[in-house]
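Asker: Next one to model:
(2 chains)
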Amino acid sequence: MADARPAGSYRDEGAFAEILAFVLPKAEEMSWASIPWQTDLWEARRIAAEQDKPIFAWMMNGAPLGCV
Amino acid sequence: MAARAAAFADPEVIKLASSQFLPLAENCSPLQTQKDAKGEFFRLVAEQGHYAGRTVPSATRQGQYAFTADGTLLSSINTRDADKMLGMMRQALERWHELRAETAASRVEAGAYERDPRYPDFYPADGLVLKQSLRDLPRPEGHASPQVRPEAINFDYAWFTKDEARDFLPERLEAGATRELPRRIVRRLARWHLLDSVRGETPPWRDEHVKSAHLSTEVTAVDGDKIHLLLTGAVRNEQEGSWAIRPFREKIEGMSRGYDCRLRGELTYDTATERFARFDLAAAGDRWGGTEHNNRQEDLPSSPMGIVFQLASDAPADRTPPHANLWDYFDIPPDQRPK
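Answerer: Next up is the predicted model:
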């Protein structure tokens, strides 16, 4: 989808595959997701104890890996 | 959102977080007040950190914390700057090694605990979990509001219980069979997911803002256990009123926001596993207006936006909840909610 379409034409059925490909993130936009994040503090605590590692927590008001 | 593209895209941050730590990303809003062992443990850590005791301008405890499994803080910071974050991580590791040289790891009890009933685990392990991606679509030359943030992309998750996942299927699983999707499915997608969150979070729509919405599926083919479906529909959401379009600023009268889109999806349901094997759904249409935290203040005119839903994995990161009050999201009656 290199070029913009005229207003309204994104609704064409034929645009489905183009929209899918355009909207989905590219690999270079997802490097942060290569970190093997846990998403539950209690479970992270259990695993950290088991692996004898410190926890690195990224805490936000809102889910950091979701819609913020 | 900015932190994902800044500090957490730094190769050294990724390397250290992945190899030297147990990395965790979680919403701390509930944890700041949650009345159970998990909430208490978070507050034990946070009250040793950068916002300890703070109540003004807010009581937020967001940021990055490094700590031991028994709750000893190693270091903390609240930053999107990769160099500052690396400094914090290295300091934490230094402290960790000092602690380990002094004492052996203490035993940690992290078994089951009685959850605060206000925060149950709503994750539909046997249902349908979708990962949502949102971004602006290209704008025509000469558009009233040229695109200034083409890199902006955001994510969310959509959850459906096992019963709700079956709502996508017609009664008869044979080619040509159709189904108008029930209100609970249309409502959830329209109100919580067909939103302009490309540049930042925005409030969900209320029922009265959903001006029109219909979604239907049709069985296009049956291949053994695999039922292939086409999902089509259209939704128009619109709200008018007074609200701020910059964080913590005054409300402005006469505001309007909306998203007018068509949807098309190609789905495959496996009757043997009772799960979707494919769920590719795209919405495309025009959004307009802005809200307090979605960073559209300079980009209010109508412009095209796309939203895609696909099956999420079962990795911990893909268990991130939808951006919603989940009691409202699952339409649980007020008399069935904890006080």
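
Asker: Quick one: the strands in chain A, in order.
Answerer: Secondary structure of chain A (DSSP state E): strands at A:55-60.

Asker: So which elements touch the longest helix along it?
Answerer: Selection of the longest helix in chain A by residue count, based on DSSP state H, yields helix A:41-51. In terms of contacts (3 or more CB pairs under 8 Å, 6 or more residues apart in numbering or on different chains; DSSP states H and E), helix A:41-51 is packed against strand A:55-60, strand B:22-27, helix B:37-46. Every residue, glycine included, has its C-beta placed from N, CA and C.

Asker: Where does pLDDT dip in chain B?
Answerer: B:1-3 (pLDDT under 70).

Asker: Which parts of it are strands?
Answerer: So, for chain B - with DSSP E - the strands run B:22-27, B:63-67, B:73-77, B:128-136, B:154-160, B:178-180, B:210-223, B:226-243, B:252-270, B:275-288, B:303-311.

Asker: Give the other helices and strands that the longest one contacts.
Answerer: The one in question is strand B:252-270. Packed next to strand B:252-270, using 3+ CB pairs under 8 Å, 6+ apart, are strand B:226-243, strand B:275-288, strand B:303-311.

Asker: show me where pLDDT drops low in chain A?
Answerer: In chain A, residues with pLDDT under 70: A:1-13.

Asker: In contact with residue B:82, which residues?
Answerer: Residue B:82 sits next to B:6, B:7, B:10, B:12, B:13 when contact means CB atoms under 8 Å, 6 or more residues apart in numbering or on different chains.

Asker: Skip the chain neighbours and tell me the closest residue to it.
Answerer: residue B:10 (3.7 Å; CB to CB, 6 or more residues apart in numbering or on different chains).

Asker: what sits against the one you found?
Answerer: So, once contact is read as CB under 8 Å, 6+ apart, residue B:10 ends up touching B:82, B:85, B:86.

Asker: For residue B:214, give its distance to chain A.
Answerer: 14 Å (CB to the nearest CB, to the nearest Å).

Asker: so that residue sits right up against residue B:183, yeah?
Answerer: No - at 10.5 Å, residue B:214 does not count as touching residue B:183 under the criterion of CB atoms under 8 Å.

Asker: which stretch among the helices and strands packed on strand B:252-270 comes nearest residue B:78?
Answerer: strand B:226-243 (27.1 Å; CB to CB).

Asker: Against which helices or strands is the closest one packed?
Answerer: Checking 3+ CB pairs under 8 Å, 6+ apart, strand B:226-243 ends up next to strand B:210-223, strand B:252-270, strand B:275-288.

Asker: ok, 7 Å please
Answerer: Where contact means 3 or more CB pairs under 7 Å, 6 or more residues apart in numbering or on different chains; DSSP states H and E, strand B:226-243 is packed against strand B:210-223, strand B:252-270.

Asker: Could you tell me how far residue B:327 is located from chain A?
Answerer: Applying CB to the nearest CB to residue B:327 and chain A gives a distance of 17 Å.

Asker: Check the gap between that residue and residue B:118 for me.
Answerer: 9 Å (CB to CB, to the nearest Å).

Asker: Also residue B:300?
Answerer: Distance from residue B:300 to residue B:118, by CB to CB: 36 Å.

Asker: what's the answer for residue B:101, then?
Answerer: On the measure of CB to CB, residue B:101 and residue B:118 end up 42 Å apart.

Asker: go on, residue B:50?
Answerer: From residue B:50 to residue B:118 the distance is 27 Å (CB to CB).

Asker: one step back: show me which of the helices and strands packed on strand B:226-243 has the highest average neighbour count.
Answerer: Burial of these is given as mean neighbour count (mean count of other CB atoms under 10 Å in any protein chain shown); strand B:252-270 ranks first at a mean of 18.

Asker: now the angle from that strand to strand B:226-243?
Answerer: Between strand B:252-270 and strand B:226-243, the angle comes out at 170 degrees (axes from the mean of the first three to the mean of the last three CA atoms, to 10 degrees).

Asker: Show me which residues of the stretch 101-250 of chain B are close to chain A?
Answerer: B:105, B:108, B:110, B:133, B:135, B:137-140, B:153-157, B:197, B:201 (CB under 7 Å from any CB of the partner chain).

Asker: and these, which two are the farthest apart?
Answerer: B:105 and B:140, at 60.6 Å, using CB to CB across those.

Asker: Could you tell me which residues make contact with the residue nearest to residue B:270 when sequence neighbours are not counted?
Answerer: Spatial nearest neighbour of residue B:270, excluding adjacent residues (CB to CB, 6+ apart): residue B:277 at 4.7 Å. By CB atoms under 7 Å, 6 or more residues apart in numbering or on different chains, residue B:277 lies in contact with B:226, B:268, B:270.

Asker: still on that earlier bit, list the buried residues in the longest helix of chain A.
Answerer: Buried residues in helix A:41-51, defined by neighbour count with 16 or more other CB atoms under 10 Å in any protein chain shown: A:41, A:42, A:43, A:44, A:45, A:46, A:47, A:48, A:49.
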